[in-house]
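K.L.:
Provided below for reference: sequence and predicted model.
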Amino acid sequence: MENSKLSCEYYVAFANAWLAAWSKADAGLVASLYCDDLDYRDPSVPLGIKNKADFVQYLELLFKAWPSQQWKLEHLYPHQEKGAFSAEYSFQIANGKTSIRGRGMDLMVLNQDKICINHVYLNANQWNSWVAAELRIK
């Protein structure tokens with residue numbers, strides 16, 4: 001990553017584009033922001049997803065269960081490590097029956113303008129039960 005891209009303004013712009021992609025619920029678009037070899041973890045996959053093909057499959061399932069996605073950046077916290085930051089956001093996901101609002105924070109590490117590490121922390125106590133309930137219905 002070029003030094004000119006290691007500014008807080010760059011991270012904010014990147015995070016806004018990343019959340020805009022999630023808001024479109026488009027697995028291919030979201031995955032295009034990630035490295036081929038990645039470390040993605042959220043409450044549903046605490047051991048992580050390590051490659052883009054598995055990540056796309058996960059996203060397709062997630063977006064099928066929750067086709068309406070709204071994600072908004074609230075705060076961004078740059079880290080000392082080059083290419084690393086944490087993003088705090090609000091979200092609402094919905095389908096025809098259920099709408100869920102919450103807040104979250106992600107640890108992000110970029111490599112050549114792609115996300116190689118993304119650890120997600122959001123409403124962990126309820127997230128798995130929400131997702132599981134929707135996947136049982138489908």
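P.N.:
That came through, no problem.

K.L.:
Please, where are all the helices along this structure?
P.N.:
Along the chain, counting by DSSP state H, helices occupy 8-23, 27-31, 52-65, 124-137.

K.L.:
Dump those helices to CSV, plus mean pLDDT.
P.N.:
Formatted as CSV, those follow (pLDDT from 0 to 100):
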stretch, mean pLDDT
helix 8-23, 97
helix 27-31, 98
helix 52-65, 96
helix 124-137, 62
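
K.L.:
can you put those in CSV and add distance to Arg103 and mean neighbour count?
P.N.:
All C-beta atoms are positioned from the backbone trio N, CA, C, and that covers glycine. Converted to CSV, the helices of the chain look like this (distance: least, CB to CB, whole Å; neighbours: other CB atoms under 10 Å):
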stretch, distance to Arg103, mean neighbour count
helix 8-23, 13, 17
helix 27-31, 20, 17
helix 52-65, 18, 17
helix 124-137, 12, 13
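
K.L.:
which one of those lies closest to Leu38?
P.N.:
helix 52-65 (6.4 Å; CB to CB).

K.L.:
Redo the helices of the chain as CSV? Include distance to Met105.
P.N.:
Conversion of the helices of the chain to CSV gives the following (distance: least, CB to CB, whole Å):
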stretch, distance to Met105
helix 8-23, 11
helix 27-31, 18
helix 52-65, 19
helix 124-137, 11
